[in-house]
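**Student:** Provided below for reference: sequence and predicted model.
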Amino acid sequence: MPLVDLLGQVQARERLMNMIVRGRVPQSLLFTGPEGVGKNLAAILFAQALSCRESTNGDACGKCPSCIQVSRKIYPDILTIAADNQQIKIEQVSEIQEFISFAPLVGERRIVIIKDAHKLNHTAANALLKTLEEPAPTVLFILLSHRHNLLLATILSRCLRLSFVSLQKSVIVEIIQLQNLAEEYGEVGAHGIAEAAAWSGGSMGRALFFLAEGNLGWCSGFIEKFSRLPQETLLAALDLAEVAAQFEEREVLFFILRSFLHDALLAARGVVAKNPDAAHISALSWAASVALFAPLHEQRILLIRQQLLVVEQAQAINVNLKLAFEAFFTAIVTGTS
């Protein structure tokens, strides 16, 4: 797949291609933007274009040995680092340092892709900073993050930032159809694809999650129960906390809660009525739950959103998530949030 076929990210794609054509590729790049919008794919396609032996107009041919190796994730001059148990650790940075200490085996440079770079722990971040300060001319770092504000300011200052945007629903539907992605999830028709796109919040990764059987129904039912908490009992809050704590896809869970409170706040302010596109989620079932929650006072919704942020941040330090959710949901029921 050539870089030119990266859909929904026109500005980032054009900047990357211009770097290759002009021969001005910086040594450290930072791809920022929401989750699941193509940052990782762009990094791979950019690496492929840089490594291609038959490159045309700054893009990969997709057929040469280098392109095939990159697509199969066996290219010897690319190293991908991902978080281990919610952290990128010093051992992984040591692996990076060893990798870049050797000359490229096939191409002109060694490429290091760091997923969720904001998950670098303090020791690892400082070690990486020293590496970024004096990079070898044959090394390219590509950092990916949807929370770049958590990175050290000194790391940010050494990277050229490219912003990626949320995907339009039409683009998500187009990608699913062009790549026949829905086939992997069984009998999913046009309506199912449209619903997954509506719930995705502009993220291709979440759209695929919602295509899987049962996931959309679970989230819809969860949000419906959450929207009724201000009128519910403490028992309902405790039951919902247990359900939330047992749900394995935490990123999705916190996304739908954040998005729900965002849309409820806009609805409380009358923004959604004037501009429906301002809402994070456009599904009809979602809108009904938002309308149920929106009558709460605007300041109270803001407070609930702040408390959710505390819970989300706490999960990174291995707190008892069930107890955190119990406190959060109970406060909504009792009106103390």
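**Tutor:** It's in. A quick note: this is a predicted structure, and the numbers were derived from the prediction, not measured. Residues are numbered from 1 along each chain as shown.
**Student:** and the strands in the protein?
**Tutor:** Per DSSP state E, the chain has strands spanning 28-32, 78-81, 110-114, 139-145, 160-163. These are given in chain order.
**Student:** and the ones you listed: which comes nearest M17?
**Tutor:** Within these, the stretch nearest M17 is strand 160-163; the backing value is 11.8 Å (Cβ to Cβ). C-betas here are computed from N, CA, C, even on glycine.
**Student:** coming back round to it: could you export the strands of the chain as a markdown table, including mean neighbour count, distance to H262 and mean pLDDT?
**Tutor:** Compiled in a markdown table, the strands of the chain are given as follows (neighbours: other Cβ atoms under 10 Å; distance: least, Cβ to Cβ, whole Å; pLDDT from 0 to 100):
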| stretch | mean neighbour count | distance to H262 | mean pLDDT |
| --- | --- | --- | --- |
| strand 28-32 | 23 | 19 | 97 |
| strand 78-81 | 20 | 31 | 97 |
| strand 110-114 | 24 | 29 | 97 |
| strand 139-145 | 24 | 21 | 97 |
| strand 160-163 | 15 | 20 | 96 |
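**Student:** export those strands as a markdown table, with columns for distance to E54.
**Tutor:** Output for these, formatted as a markdown table (distance: least, Cβ to Cβ, whole Å):
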| stretch | distance to E54 |
| --- | --- |
| strand 28-32 | 24 |
| strand 78-81 | 18 |
| strand 110-114 | 18 |
| strand 139-145 | 20 |
| strand 160-163 | 25 |
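**Student:** what's the closest of the ones you listed to A244?
**Tutor:** Closest to A244 of the strands of the chain, according to Cβ to Cβ: strand 139-145, at 25.4 Å.
**Student:** which helices and strands sit right next to that closest one?
**Tutor:** Other helices and strands packing on strand 139-145, by 3 or more Cβ pairs under 8 Å, 6 or more residues apart in numbering; DSSP states H and E, are strand 28-32, helix 39-51, strand 110-114.
**Student:** pull the second one out as PDB, backbone CA atoms only.
**Tutor:** Put plainly, it is helix 39-51. Presented in PDB, the C-alpha positions along helix 39-51 are these (Å, rounded to 0.1, in the frame of the first residue of the first chain):
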ATOM      1  CA  LYS A  39      -0.600   7.400  12.800                       C
ATOM      2  CA  ASN A  40       0.900   3.900  13.000                       C
ATOM      3  CA  LEU A  41       0.000   3.100   9.400                       C
ATOM      4  CA  ALA A  42       1.500   6.400   8.200                       C
ATOM      5  CA  ALA A  43       4.700   5.600  10.000                       C
ATOM      6  CA  ILE A  44       4.900   2.200   8.300                       C
ATOM      7  CA  LEU A  45       4.100   3.600   4.900                       C
ATOM      8  CA  PHE A  46       6.600   6.400   5.300                       C
ATOM      9  CA  ALA A  47       9.300   3.900   6.400                       C
ATOM     10  CA  GLN A  48       8.400   1.800   3.400                       C
ATOM     11  CA  ALA A  49       8.600   4.800   1.000                       C
ATOM     12  CA  LEU A  50      12.000   5.700   2.500                       C
ATOM     13  CA  SER A  51      13.300   2.100   2.100                       C
END
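**Student:** that one - contacts with which helices or strands?
**Tutor:** Packing contacts for helix 39-51, counted by 3+ Cβ pairs under 8 Å, 6+ apart, involve helix 10-22, strand 28-32, helix 65-71, strand 110-114, strand 139-145.
**Student:** rerun at 6 Å
**Tutor:** Helix 39-51 sits against helix 65-71, strand 139-145, with contacts defined as 3 or more Cβ pairs under 6 Å, 6 or more residues apart in numbering; DSSP states H and E.
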